[in-house]
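1. please find the sequence and the predicted model below.
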Amino acid sequence: MVALTFDDCFLPHLLEPLLQDLEAAGARATFFCVGWVFRAHPELVRRLVAGGHELGNHTLHHRGLAPRPDPAVIDAELDGWQRAVEEALGQPYPTRWFRPPGMAGFTMEADPEILEAVRRRGMRVALWTLDIYWTLDRQGTRDPERVAAFLREHVRGGEIVLLHVSSWNVEGARRALPDLAARFRLVTLSEMFPPDAP
């Protein structure tokens with residue numbers, strides 16, 4: 001199994017071709033979209049859930065919650081994201097995962113205040129094992145074919161792959177998808193780590 005995860009979703013218009021390709025490949029992914037994107041595009045929430053994909057909390061405003069965590073800000077960001085999703089769906093949504101924007105509060109060790117707020121809401125922190133952002137994006141590589149080649153070469157079974165919703169990440173993922181789908185089962189984080197897993 002491999003879990004493809006996509007962060008931010010600041011460019012939601014890029015997602016429909018990716019979603020069609022995922023569906024054609026029988027693949028699912030986990031999307032850590034920012035809550036204000038869901039507020040502005042409630043149809044995106046419904047489309048992702050209807051496609052069998054999973055949503056993870058990435059805060060309402062992509063706000064770094066550290067280095068000086070404010071409990072009121074943490075609550076507003078986590079709960080604001082949840083409200084945006086549930087308002088779009090018109091029903092409760094069982095969020096299992098939180099990914100901290102920019103890894104704020106989780107770069108060295110988990111910030112206890114943020115971790116406790118996440119746990120209180122029944123979520124787990126979802127980081128990653130393979131990262132396009134730090135490997136290619138931060139080096140100025142914005143070439144979809146380089147992204148696709150990186151994915152084809154480096155993805156192994158058990159990976160949690162971090163991508164962002166940018167033109168080069170999405171197009172690169174689409175180009176690599178046939179190869180990845182032939183080699184792996186592409187699943188959501190909750191399929192990889194079921195609720196009863198330790």
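-> Structure received.
2. can you pull up the most central residue in this protein?
-> In the chain, the residue lying closest to the centroid (Cα atoms, centre = their mean) is F32, at 3.1 Å.
3. which strand of the protein spans the most residues?
-> What stands out as the longest strand in the chain, according to DSSP state E, is strand 2-8.
4. please put the alpha-carbon coordinates of that strand into PDB.
-> What follows is the C-alpha trace of strand 2-8 in PDB, where atoms were taken according to Å, rounded to 0.1, in the frame of the first residue of the first chain:
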ATOM      1  CA  VAL A   2       1.000   3.600  -0.600                       C
ATOM      2  CA  ALA A   3      -0.800   6.700   0.700                       C
ATOM      3  CA  LEU A   4      -0.700   9.700  -1.600                       C
ATOM      4  CA  THR A   5      -1.500  12.900   0.300                       C
ATOM      5  CA  PHE A   6      -2.100  16.400  -1.100                       C
ATOM      6  CA  ASP A   7      -1.800  19.500   1.000                       C
ATOM      7  CA  ASP A   8      -3.300  23.000   1.000                       C
END
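5. any buried residues in whatever helix or strand comes next after that strand, and which?
-> Proceeding C-terminally, strand 2-8 gives way to helix 15-24 as the next helix or strand, assigned by DSSP states H and E. Of the residues in helix 15-24, those buried by neighbour count under the rule 16 or more other Cβ atoms under 10 Å are 15, 18-19, 21-22. The C-beta positions use only the backbone N, C-alpha and C, and glycine is treated the same way.
6. which residues touch the closest residue to A29 other than its chain neighbours?
-> Counting by Cβ to Cβ, 6 or more residues apart in numbering, A29 lies nearest to L4, which is 4.4 Å off, once chain neighbours are set aside. If a contact means Cβ atoms under 8 Å, 6 or more residues apart in numbering, then L4 has 27, 29-30, 161, 163, 173, 180, 186 as its contacts.
7. ok, what's across the strand from L4?
-> Taking DSSP bridges, one finds V161 as the beta-bridge partners of L4.
8. where exactly do the helices run in the protein?
-> Counting by DSSP state H, the chain has these helices, from start to end: 15-24, 35-40, 42-50, 71-89, 112-120, 132-135, 144-154, 167-183, 189-192.
9. in JSON lines: these, plus mean pLDDT and distance to H61.
-> Formatted as JSON lines, the entries for the helices of the chain read as follows, by pLDDT from 0 to 100; distance: least, Cβ to Cβ, whole Å:
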{"stretch": "helix 15-24", "mean pLDDT": "98", "distance to H61": "20"}
{"stretch": "helix 35-40", "mean pLDDT": "97", "distance to H61": "6"}
{"stretch": "helix 42-50", "mean pLDDT": "98", "distance to H61": "17"}
{"stretch": "helix 71-89", "mean pLDDT": "97", "distance to H61": "7"}
{"stretch": "helix 112-120", "mean pLDDT": "94", "distance to H61": "15"}
{"stretch": "helix 132-135", "mean pLDDT": "83", "distance to H61": "19"}
{"stretch": "helix 144-154", "mean pLDDT": "96", "distance to H61": "27"}
{"stretch": "helix 167-183", "mean pLDDT": "97", "distance to H61": "21"}
{"stretch": "helix 189-192", "mean pLDDT": "98", "distance to H61": "23"}
